[in-house]
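In: dropping a prediction and its sequence here:
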Amino acid sequence: MLDYWVIVLLVMLALAFDFMNGFHDAANSIATVVSTGVLRPIYAIAFAAFFNFVAIFIFHLSVAATIGKGIVQPGIVDPHVIFGALIGAILWNLITWYYGIPSSSSHALIGGLVGATIAKSGFEYLVVPGILKTIIFIFFSPLLGFILGSLMFVITHIACRNMTPLRVDKFFRKLQLFSAGAYNLGHGGNDAQKTIGIIWLLLISTGYYSNQTDTPPAWIIVSCYVAIALGTLFGGWRIVKTMGMKITKLKPVGGFCAETGGAITLFTATILGIPVSTTHTITGAIIGVGATKRASAVRWGVAGNIVWAWFLTIPASAAMAALAYGLSLIVF
């Protein structure tokens, strides 16, 4: 077996990615509740981090199983592939964080895994059905978020048509706490499992964990949920402004509808074991709410820039991962 300390360093690198995932996506998970003024940023971040971690008690590890076995064939994976995948994903996250672009950490990791595997052995060992399912949900998850966000907004508008604006605002300020909590449960449940899957895959491929059918060790599960919660706690302020203020102006009722639509989408995908982008989901839901009010309520230029980042994430992180894989052959 490979040197023990190499495995330890790779596990730490995976947890660093998980922390960055929470840091990078913190804005996505708190943007609506902050932009509507329901919670101050410092409280919103603590609120989001708490529900990110609580998701450990709610969801089965279906997404972790997909990452561990459903993107590339486990037999081809080695520490060099894992290193390349993580470095590719981390570099792309840093670039998009720096420029304030709410891209997908999830798809960066998947792209990294694909790119490193191709660099090692070509396309033969890719699990095409799993990759296609992920690609389909690049389009489907924001579309579903858009539809659900719009539908929720129409329903609430009809239900509250006889209420005064002030009463509606007060009512949904309270309800938004529940919708924000649900969305952050979905975020933690889907995103933390991706790192669980990577570490699980690493330990199986190196012989440190031989059982490929049971769930991973408890320390992997707990450490990944703690890492993403801590990352969320530190937050990603550059992206808050884009997600909460630049796409469309939200009030508590709009924030509630967007978060509820996003939460339903994330719960569904996590139960089905599909690694989706929480960024794509909440963006689609926010746009859906804004577009339902009126098309001009959405700043389509900002939304368009975000969509370009969606398309670039997998190929860009794959290319970086391929380069990192080559570098790892020299380093260790």
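Out: Received the coordinates, thanks.

In: okay, CA-based contacts and neighbour counts for the rest of this
Out: OK.

In: residue 275: neighbour count?
Out: By other C-alpha atoms under 10 Å, the residues close to residue 275 number 27.

In: do the same with residue 254
Out: Using other C-alpha under 10 Å: residue 254 sits among 29 other residues.

In: show the pLDDT at it.
Out: For residue 254, the model assigns a pLDDT of 86.

In: again, but for residue 240
Out: pLDDT, residue 240: 52.

In: how about the one 3 residues further on?
Out: pLDDT recorded at residue 243 is 49.

In: ok, residue 198 next?
Out: Residue 198 carries a pLDDT score of 93 in this model.

In: now swap in residue 230 and tell me
Out: On pLDDT, residue 230 comes in at 91.

In: got it, and the one 5 residues further on?
Out: The per-residue pLDDT reported for residue 235 equals 68.

In: tell me the first helix or strand C-terminal of the lowest-mean-pLDDT helix or strand in the chain.
Out: Every helix and strand of the chain was ranked by mean pLDDT, DSSP states H and E. The lowest is helix 237-241, at a mean of 52. Once the chain leaves helix 237-241, the next helix or strand it forms, by DSSP states H and E, is helix 252-272.

In: now name the helix or strand holding residue 176.
Out: Assigned by DSSP H and E, residue 176 belongs to helix 165-205.

In: tell me the angle of that helix relative to helix 252-272?
Out: With axes from the mean of the first three to the mean of the last three C-alpha atoms, to 10 degrees defining the directions, helix 165-205 sits at 20 degrees from helix 252-272.

In: relative to residue 272, how far out is residue 16?
Out: Distance of residue 16 to residue 272, computed by C-alpha to C-alpha, to the nearest Å: 26 Å.

In: how about residue 202?
Out: 23 Å.

In: for the two, indicate the residue with more neighbours.
Out: Per other C-alpha under 10 Å, whichever of residue 202 and residue 272 has more neighbours is residue 202, with 26 against 13.

In: residues contacting the more buried one?
Out: 7, 77-79, 82 (C-alpha atoms under 8 Å, 6 or more residues apart in numbering).

In: who wins for neighbours among those?
Out: residue 82 (29 neighbours).

In: element containing the closest residue to residue 50 other than its chain neighbours, please.
Out: Nearest in space to residue 50, with sequence neighbours left out and distances taken as C-alpha to C-alpha, 6 or more residues apart in numbering, is residue 229 at 6.8 Å. Assigned by DSSP H and E, residue 229 belongs to helix 218-234.

In: return the set of buried residues in that helix.
Out: Counting neighbours by 16 or more other C-alpha atoms under 10 Å, one finds that the buried residues in helix 218-234 are 220-221, 223-234.

In: residue 259: which of the residues you listed is nearest?
Out: Comparing the buried residues of helix 218-234 against residue 259 with C-alpha to C-alpha picks out residue 232 as the nearest, at 16.9 Å.

In: tell me how far the closest one lies from residue 252.
Out: Distance from residue 232 to residue 252, by C-alpha to C-alpha: 22 Å.

In: got it, and residue 84?
Out: Distance, residue 84 to residue 252, using C-alpha to C-alpha: 42 Å.
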